[in-house]
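Q: dropping the sequence and predicted coords here.
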Amino acid sequence: MGLLDKLRRRRPGTVRDADGEDEKHLRTWAGAHRGVEAFVEPRTTVTGTTMLLVAADGEWTRRRVPGPDGARKLARSLKIPVYDVQLVGYPQRMRDHDARQKILRERDRRRDLDR
């Protein structure tokens, strides 16, 4: 791939497609966490279809997938439940996890300022 090809791919308004690294990350992450569920997020003007994986403790990760059918196929291969986020929304445990992480980051920031 030449330099011009790289520049064209990164042009504003260009949606990056899912690739093997995205799937590899999702598979690795799901294997390292327990109680994982998948949530398919629709394509937008700035990103393609994404899959959000949420563990039992609320920790989460998100990567692009090759469309809703590709997301369901990946979830089946991982043997995890898959949901359409537009129908069921985001799980409360994910929001709770983010709130806890925010508190911990703020606590660490204050501790660093006190030193």
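A: In hand now; what should we look at?
Q: quick one: name whatever helix or strand follows the helix or strand hosting Thr28.
A: Take DSSP states H and E as the rule and Thr28 turns out to sit in helix 20-32. Remark: after helix 20-32, the chain's next helix or strand is strand 37-41, criterion DSSP H and E.
Q: any idea of the angle that following strand forms with helix 20-32?
A: Relative orientation of strand 37-41 and helix 20-32, computed by axes from the mean of the first three to the mean of the last three Cα atoms, to 10 degrees: 150 degrees.
Q: what are the contacting residues of the next helix or strand after strand 37-41?
A: Using DSSP H and E, the helix or strand that follows strand 37-41 in sequence is strand 50-54. Contacts to strand 50-54, defined as Cβ atoms under 8 Å, 6 or more residues apart in numbering, come from residues 26, 29-30, 33, 36-41, 60-65, 71, 74-75, 80, 85, 90-91, 93-94. For glycine as for every other residue, the C-beta is placed from the backbone atoms N, C-alpha and C.
Q: strand 50-54 pairs with which strands, parallel or anti?
A: strand 37-41 (antiparallel), strand 60-64 (antiparallel) (DSSP bridges).
Q: mean confidence for the first one?
A: Right, strand 37-41. For strand 37-41, mean pLDDT is 97.
Q: take it, keep the C-alpha atoms, and write them as CSV.
A: Extracted C-alpha coordinates of strand 37-41, given in CSV (Å, rounded to 0.1, in the frame of the first residue of the first chain):
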residue,chain,number,x,y,z
GLU,A,37,-22.8,-10.5,26.7
ALA,A,38,-22.7,-8.8,23.2
PHE,A,39,-24.6,-5.7,22.2
VAL,A,40,-24.7,-4.8,18.5
GLU,A,41,-24.6,-1.0,17.8
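Q: for Ala38, give its distance to Glu23.
A: 12 Å (Cβ to Cβ, to the nearest Å).
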